[in-house]
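Trainee: no sequence on this one, just coordinates:
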Ligand SMILES: NC(=O)C1=CN([C@@H]2O[C@H](COP(=O)(O)OP(=O)(O)OC[C@H]3O[C@@H](n4cnc5c(N)ncnc54)[C@H](OP(=O)(O)O)[C@@H]3O)[C@@H](O)[C@H]2O)C=CC1
Ligand SMILES: CC(=O)[C@@H](O)[C@H](O)COP(=O)(O)O
Ligand SMILES: [Mn+2]
């Protein structure tokens, strides 16, 4: 049996470990040829997974941790590598299926490399599309790489579109849990802490996306992600607050009919769909019991309390490089919030300030211009904070 070649970028994170769990359950090293696993700080987790799945190479993004990784892999056949170049080389290793799950804009360059591979690219790293949507889609088209969404909402939209015609799509409705502060007033949000912001009511996720969910910057990123993935106009994309996170998103068609995709709030559903596509084997997720749930709530989002949604509309109108600025400024503002130097509500002010200050209309011509704009937005926000 020819084994499917698999790489997982960001293997030690929340998406990464859920992906590895599915690979283990499906037969692990007996069934798959694991090519590259990457991480950053969690060397023990990376080495353990690389040994178990008999990966060809394990890469930490942090060059200072190469010695630790080598020690942790001593006596195994796994090659240990470190640093940004090694990360790009690992992403470029031929693979049939790659999960892109590095957090933030740090995932962009490795994702672009993986997109050049052919095969299938399962995309959790939404920041790649937000920062360089056109470039990533063009690279996938050039290399005949199949891009499959792994973000739960976009997987839901993709599933609703199966067998449908894009020309008959009227709108997509992206659901949002509203995060831990969905019932807070702006006054109450003023002094919330990083710990409170990280406590997502429904999903168990990494720190950055949890805080983004609390500010609804996650939904802002997802609006932009949807525009690129499904070739939509801004007016076709809506956000709907749905506190149970059971309806993962919906698609409305020209005849007024609406398709919804539902499931429990467990990312192994969306990841498993991308891993097994077009098949639907059994997945280890809880089955939804509607009688027990009793109600599903829906409400309009409130852009006054969550200004990230307005900023997303601005980016959708301005085009590609504005997405780069929004994301980079948001990441820097979040670092400030985590360091307790920036208030929760000031994150959106800093992002708006960066969008005002930097000339970012239009689509980027290449990856370097994206990285330059990313750097400019970061230094602008850092200056504002200091
Ligand atoms: N978690 C979720 O449920 C969902 C996540 N996503 C998206 O998936 C992506 C990953 O999210 P999540 O798994 O929550 O994040 P985590 O923080 O849990 O994991 C991030 C991964 O990236 C690695 N990493 C961190 N910094 C760098 C860097 N500078 N260079 C290379 N690798 C790095 C981490 O390594 P280490 O841990 O070893 O330091 C880890 O493997 C994000 O883009 C997120 O928006 C989308 C939908 C749902
Ligand atoms: C699981 C997933 O896809 C996350 O993006 C999730 O949707 C976050 O929840 P919010 O709806 O609160 O942003
Ligand atoms: Mn999502």
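Mentor: It's in. Predicted model only: the values in this text are computed from it and were never measured. Ligands and ions are numbered 1, 2, ... in the order given.

Trainee: Could you list the low-confidence segments of this protein?
Mentor: Nowhere does the chain drop to pLDDT under 70.

Trainee: tell me the residue furthest from the middle of it?
Mentor: What lies farthest from the middle of the chain is residue 75; by Cα atoms, centre = their mean that is 34.6 Å.

Trainee: Next, it: secondary structure please.
Mentor: Under DSSP: H, G, I helix; E, B strand; the rest coil, residue 75 falls in the coil class.

Trainee: if I look at it, how far off is ligand 3?
Mentor: Distance, residue 75 to ligand 3, by Cβ to the ion, to the nearest Å: 40 Å. In this view, the C-beta of every residue, glycine as well, is placed from N, C-alpha and C.

Trainee: Check residue 161 too.
Mentor: 17 Å.

Trainee: element containing the nearest residue to that residue once chain neighbours are set aside?
Mentor: Residue nearest to residue 161 in three dimensions, not counting chain neighbours: residue 251, with 6.1 Å by Cβ to Cβ, 6 or more residues apart in numbering. Assigned by DSSP states H and E, residue 251 belongs to strand 247-253.

Trainee: what secondary structure does residue 99 sit in?
Mentor: Here residue 99 is recorded as strand under three-state DSSP.

Trainee: which residues does it bridge with?
Mentor: Taking DSSP bridges as the rule, residue 99 bridges to residue 8, residue 122.

Trainee: which residues in the stretch 51-200 of the chain form strands?
Mentor: 57-60, 79-82, 97-100, 120-123, 146-149, 169-176 (DSSP state E, counting those that start in this stretch).

Trainee: Of the ones you listed, which is nearest ligand 3?
Mentor: Among the strands of the stretch 51-200 of the chain, the nearest to ligand 3 by Cβ to the ion is strand 169-176 (8.3 Å).

Trainee: Quick check: can you name the pairing partners of that closest one and their directions?
Mentor: Strand 169-176 has these partner strands in its sheet, going by DSSP bridges: strand 237-241 (parallel), strand 247-253 (antiparallel).

Trainee: ok so, going back, can I get the strands of the stretch 51-200 of the chain in a markdown table with mean neighbour count and distance to ligand 1?
Mentor: Supplementary listing: the strands of the stretch 51-200 of the chain in a markdown table, determined by neighbours: other Cβ atoms under 10 Å; distance: least, Cβ to the nearest ligand atom, whole Å:
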| stretch | mean neighbour count | distance to ligand 1 |
| --- | --- | --- |
| strand 57-60 | 27 | 7 |
| strand 79-82 | 20 | 11 |
| strand 97-100 | 28 | 8 |
| strand 120-123 | 27 | 9 |
| strand 146-149 | 20 | 9 |
| strand 169-176 | 21 | 12 |
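
Trainee: Excluding residues flanking it in the chain, which one is nearest the residue in the chain positioned nearest to ligand 1?
Mentor: Ranking the residues of the chain by distance to ligand 1 (Cβ to the nearest ligand atom) places residue 13 first, at 1.9 Å. Once flanking residues are discounted, residue 13 sits nearest to residue 206: 5.3 Å by Cβ to Cβ, 6+ apart.

Trainee: Can you verify my assumption that the one you found contacts residue 16?
Mentor: No. Using Cβ atoms under 8 Å, residue 206 is not in contact with residue 16, being 9.4 Å away.

Trainee: Which one's more surrounded, these two?
Mentor: Neighbour count, other Cβ atoms under 10 Å: between residue 206 and residue 16, residue 16 has more, with 27 against 17.

Trainee: Roughly how far does that one sit from residue 69?
Mentor: Distance, residue 16 to residue 69, using Cβ to Cβ, to the nearest Å: 16 Å.

Trainee: Same check on residue 362?
Mentor: Here residue 362 is placed at a distance of 41 Å from residue 69 (Cβ to Cβ).

Trainee: neighbour-wise, which of these two wins?
Mentor: Ranked by neighbour count (other Cβ under 10 Å), residue 362 and residue 69 place residue 69 first, with 23 against 11.

Trainee: For the more buried one, which non-adjacent residue is closest in space?
Mentor: residue 80 (4.4 Å).

Trainee: Ok, residue 28 next?
Mentor: Leaving out its chain neighbours, the residue that sits closest to residue 28 by Cβ to Cβ, 6+ apart is residue 53, at 5.7 Å.

Trainee: And for residue 327?
Mentor: residue 130 (5.0 Å).

Trainee: buried stuff in stretch 340-353?
Mentor: For stretch 340-353, the neighbour count (16 or more other Cβ atoms under 10 Å) marks 342, 344-348, 350-353 as buried.

Trainee: end to end, how far does it reach?
Mentor: Stretch 340-353 has an end-to-end distance of 19 Å (Cα to Cα, to the nearest Å).

Trainee: where do the helices sit along the stretch 101-250 of the chain?
Mentor: Taking DSSP state H, counting those that start in this stretch as the criterion, the stretch 101-250 of the chain carries its helices at 108-115, 126-143, 152-161, 186-189, 194-198, 207-215, 217-230.

Trainee: What's the separation between residue 289 and residue 140?
Mentor: Here residue 289 is placed at a distance of 38 Å from residue 140 (Cβ to Cβ).

Trainee: do residue 283 as well
Mentor: Distance of residue 283 to residue 140, given as Cβ to Cβ: 26 Å.

Trainee: Compare neighbour counts for those two and give me the winner.
Mentor: residue 140 (21 against 18).

Trainee: List the contacts of that one.
Mentor: Applying Cβ atoms under 8 Å, 6 or more residues apart in numbering to residue 140 gives the contacts 115, 121, 146-147.

Trainee: now do residue 200
Mentor: Contact partners of residue 200, counting by Cβ under 8 Å, 6+ apart, are 177, 179-180, 210, 213-214.

Trainee: Mind checking which of those are buried?
Mentor: Buried, going by 16+ other Cβ under 10 Å: 177, 179-180, 210, 213-214, out of those.

Trainee: Format those as TSV; extra columns: distance to residue 86.
Mentor: Shown next, in TSV, are the buried ones among the contacts of residue 200 (distance: Cβ to Cβ, whole Å):
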residue	distance to residue 86
177	37
179	36
180	37
210	29
213	32
214	34
